[in-house]
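Undergrad: Sequence and predicted structure, then a few things I'm wondering about:
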Amino acid sequence: MPDLVSPAAIPVILALLVIGTLLVALTPSAFAHRIRATTLSATLSALVIGIFVFLSFDPSESGWQFSFDYEWLPFIGSRLSFGLDGLSLPLFLLTLFLGPLCVLVSVNEIEERVKEFHICLLLTEIALIGVFTARDLLLFYAFWEVLLIPMFLLIAVWGSGNRVYAAVKFLIYTLVGGLLMLVAIIGTAWAASQTAPLQGRFTFHLDSLLMTRIDPSLQTLLFLGFAVAFAIKVPMFPFHTWLPDAHTEAPTAGSVILAGLLLKMGSYGFLRLALPLFPDACFQMAPLLAFLSVVAVIYGGLMSWVQSDIKRLIAYSSVAHMGLITLGIFSFHPTALLGSLIQMVNHGLSTGMLFMLVGMIYERRHTRDINEFGGLAHVMPAYTAFFLIALLSSIGLPGLNGFVGEFLILVGVFQAQWVWAAAGIIGVLLSAVYMLWLFRRVFHGPVSKAENTTLTDLSFREKWLVLAPVTFFLFLLGIYPVWLLRPSEESVRRVTERVLAERASALTPPSKVFPAIAVQELADDTIQFLFRGKMDLQNTARSGLANAHNGLEALFQQPFQGSPFRFRGQRSAFGGAAQPFDEGESLADRQPLTDDLLKGFQENPFIKRR
């Protein structure tokens, strides 16, 4: 329905939420019902527009859609630029979907400072939409940092127990990461301005930055600035320690936002910025980041197993699930990347639903201690059914959404490095162990506490307005995920191609990239030239270069004119530094070229000698 949606849909949604925030701020605090109704109306209106945006989205396009670009700070090259593609669309929809649910789930929980609470909810949604749709790095950073204020207040003011400590810890971690990212953003803009495409022009616009190729010697430093900020948000091990405290002390809506959306800012940042802007640095750091992801998967599972607080158990499970997502990202395999993207949505739905359910039982019993429960299936059958569905989704039962994302990640990671996939499977098994252990302790057996015998089951609002919509999408994404996978395929392919263009042979077996015979013959010719001395020097070099030329044509699916190594300053497809080959130059003088090719083969783990 392209005629029903304006290209300025994103600013319209942001404007609606801003107007809703102003209306709530102007409403007297005594009118709590009016405040909730206004907030719910604003979030539902944004969701309706988001649905039309999704229906109008063209899955065959890999570029930006619904773009809005306006001059903002021209003297530093920053623009007010928004847009959606296949990477941002799923998280954009998830943000709009969870917004009204956060309002509905807080009806009975939040009774003090109702106006301020809903202002924070609306500001949080505004910032999240800005992060997921910004096309300018400075604009991205502005929304990234704005989110800290309402999120800090949600934990510190409406949290429980040791909420101030948890809020301050969250603020310090994320603020430090944000400052490092700001330095990296400025450094990226400067480094890009020194390249030929920009010719000294300073800009923060993502499209302009992606036209450049930053010096590999600078990429690592710039990547680290972004990576630390994203790793804190995910959170990756060992930057995870703020998460269990924040989850445990936050109100239910705050926990849903944390698990469902805020953690995804980090993984989205890796996909949106780190991989396309710094491919060389990503390859250098990939083994370390994959190792940390594996550690997070196993560590998060083991820590969840020993928790006695239900909310803290689910918080540590988020560390494990997000570790699997980042493992898929740093495998650089397109299947795993697509799985990581869809798993961000899956985790947001299933874990967000679990936190909603924990909040509902906490309203009734004012405790989250596992030992205080038992036999709830006899007292709260509807609650038990919804909890079981969310739990099975979280552990990846086929037919529910969690299976789709985890399966795609593991399939892709296995093709890149089977050892990582094996570690990921261990994490999946651990999630089944601690989740089923939780379910048995809380819901099975006799009712062990007298206080539990009088618990009321789910209300109409909780059952049909909050939990039923989430349950519907858990099954829809598990049975028919293509409706969300297809719009993301082209964008994931674009990111993958950009990254693999730097070092394609280091990621994919040669038989899947270019003819294996070309690789084998090139290696044979090179080794004969270097060690056997049985062939004429010029014929050997010509044969080797011809095979390399054929291989590169197949790799990039386009003909190369002249020498395959004529592109100065780039890397060859075989891992070594490309060197120009001038016409008329004696091949006998080009032994370093064949040395370079052989070194590339020796360093490439996927190319096997016969």
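TA: Received, thanks. Numbering: from 1, shown residues only.
Undergrad: Show the pLDDT at the nearest residue to Lys449 once chain neighbours are set aside.
TA: Nearest residue to Lys449, sequence neighbours excluded (CB to CB, 6 or more residues apart in numbering): Glu372, at 6.0 Å. Any C-beta I mention is one placed from the backbone N, CA and C, and that applies to glycine too. pLDDT, Glu372: 93.
Undergrad: contacting residues for Glu372?
TA: Neighbouring residues of Glu372 by CB atoms under 8 Å, 6 or more residues apart in numbering: 365, 449, 451-452.
Undergrad: Which of the residues you listed has the largest number of neighbours?
TA: Using other CB atoms under 10 Å as the neighbour criterion, Asn452 leads the contacts of Glu372 with 20 neighbours.
Undergrad: How confident was the prediction at the residue nearest to that one when sequence neighbours are not counted?
TA: Nearest non-adjacent residue to Asn452, counting by CB to CB, 6+ apart: Val379, 5.9 Å away. For Val379, the pLDDT comes out at 94.
Undergrad: wait, what's in contact with Val379?
TA: Neighbours of Val379 in contact, by CB under 8 Å, 6+ apart: 447, 452-453, 455, 457.
Undergrad: Closest to Val470 out of the contacts of Glu372?
TA: Arg365 (22.2 Å; CB to CB).
Undergrad: ok, that closest one touching Ala450?
TA: No - using CB atoms under 8 Å, Arg365 makes no contact with Ala450, being 11.8 Å away.
Undergrad: Ramachandran angles for Leu400?
TA: Main-chain torsions, Leu400, degrees, to the nearest 10: phi -120, psi 160.
Undergrad: what about the helices in the stretch 101-250 of the chain?
TA: Per DSSP state H, counting those that start in this stretch, the stretch 101-250 of the chain carries helices over the ranges 114-133, 137-146, 148-158, 163-193, 206-210, 216-233, 242-249.
Undergrad: for the stretch 251-400 of the chain, same thing?
TA: 252-257, 263-269, 275-277, 279-305, 310-329, 334-365, 376-379, 381-394.
Undergrad: helices and strands around the longest one, which ones?
TA: Packed against helix 334-365 by the contact rule (3 or more CB pairs under 8 Å, 6 or more residues apart in numbering; DSSP states H and E) you find helix 89-105, helix 252-257, helix 263-269, helix 310-329, helix 381-394, helix 401-416, helix 468-479, helix 482-503.
Undergrad: Would you mind writing the CA trace of the second one as CSV?
TA: Spelled out, it's helix 252-257. In CSV, the C-alpha atoms belonging to helix 252-257 read as follows (Å, rounded to 0.1, in the frame of the first residue of the first chain):
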residue,chain,number,x,y,z
THR,A,252,8.4,-4.9,34.6
ALA,A,253,8.2,-2.4,31.7
GLY,A,254,11.9,-1.5,32.3
SER,A,255,12.9,-5.1,32.1
VAL,A,256,10.9,-5.6,28.9
ILE,A,257,12.6,-2.6,27.3
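Undergrad: In JSON lines, list the helices of the stretch 101-250 of the chain along with distance to Leu55 and mean pLDDT.
TA: Supplementary listing: those in JSON lines, determined by distance: least, CB to CB, whole Å; pLDDT from 0 to 100:
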{"stretch": "helix 114-133", "distance to Leu55": "17", "mean pLDDT": "97"}
{"stretch": "helix 137-146", "distance to Leu55": "25", "mean pLDDT": "96"}
{"stretch": "helix 148-158", "distance to Leu55": "30", "mean pLDDT": "95"}
{"stretch": "helix 163-193", "distance to Leu55": "34", "mean pLDDT": "94"}
{"stretch": "helix 206-210", "distance to Leu55": "26", "mean pLDDT": "91"}
{"stretch": "helix 216-233", "distance to Leu55": "30", "mean pLDDT": "93"}
{"stretch": "helix 242-249", "distance to Leu55": "34", "mean pLDDT": "93"}
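Undergrad: Trp420: which of those is closest?
TA: helix 216-233 (17.4 Å).
Undergrad: Buried ones in that closest one, by neighbour count?
TA: 216, 218-219, 222-233 (16 or more other CB atoms under 10 Å).
Undergrad: For Leu436, find the nearest of the helices of the stretch 251-400 of the chain.
TA: Closest among those, using CB to CB: helix 381-394, at 7.7 Å.
Undergrad: tell me what the closest one is packed against?
TA: helix 334-365, helix 376-379, helix 401-416, helix 418-443, helix 468-479.
Undergrad: With distance to Glu490 added, can I get those helices in JSON lines?
TA: Formatted as JSON lines, the helices and strands packed on helix 381-394 follow (distance: least, CB to CB, whole Å):
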{"stretch": "helix 334-365", "distance to Glu490": "11"}
{"stretch": "helix 376-379", "distance to Glu490": "45"}
{"stretch": "helix 401-416", "distance to Glu490": "16"}
{"stretch": "helix 418-443", "distance to Glu490": "26"}
{"stretch": "helix 468-479", "distance to Glu490": "19"}
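Undergrad: so which of the ones you listed gets nearest His321?
TA: Minimum separation from His321 across the helices and strands packed on helix 381-394 (CB to CB) falls at helix 334-365, 5.0 Å.
Undergrad: Next, the buried residues of the biggest strand by length in the chain.
TA: Of all segments of type strand in the chain, defined using DSSP state E, the longest is strand 65-73. By 16+ other CB under 10 Å, the buried positions in strand 65-73 come out as 65-68, 72.
Undergrad: That one pairs with which strands?
TA: Strand 65-73 pairs in its sheet with strand 78-84 (antiparallel), by DSSP bridges.
Undergrad: So what's the gap between the strand it pairs with and the chain middle?
TA: 20 Å (CA atoms, centre = their mean, to the nearest Å).
Undergrad: Next, the angle from that strand to helix 89-105.
TA: Strand 78-84 runs at 90 degrees relative to helix 89-105, counting by axes from the mean of the first three to the mean of the last three CA atoms, to 10 degrees.
Undergrad: Convert the C-alpha atoms of strand 78-84 to PDB, please.
TA: C-alpha atoms of strand 78-84 as PDB (Å, rounded to 0.1, in the frame of the first residue of the first chain):
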ATOM      1  CA  SER A  78      25.700  16.200   9.900                       C
ATOM      2  CA  ARG A  79      22.200  15.700   8.600                       C
ATOM      3  CA  LEU A  80      18.800  14.900  10.100                       C
ATOM      4  CA  SER A  81      18.600  11.700   8.100                       C
ATOM      5  CA  PHE A  82      16.300   8.700   8.700                       C
ATOM      6  CA  GLY A  83      15.500   5.500   6.800                       C
ATOM      7  CA  LEU A  84      14.600   1.900   6.900                       C
END
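Undergrad: Next, the angle helix 163-193 makes with that strand.
TA: 110 degrees.
Undergrad: Now tell me what touches stretch 313-320 from outside.
TA: Contacts of stretch 313-320 (CB under 8 Å, 6+ apart): 235, 237, 240, 243-244, 246-248, 259, 263, 296-301, 303-304, 307, 347, 351, 354-355, 358, 370, 394, 427, 430-431, 434-435, 438.
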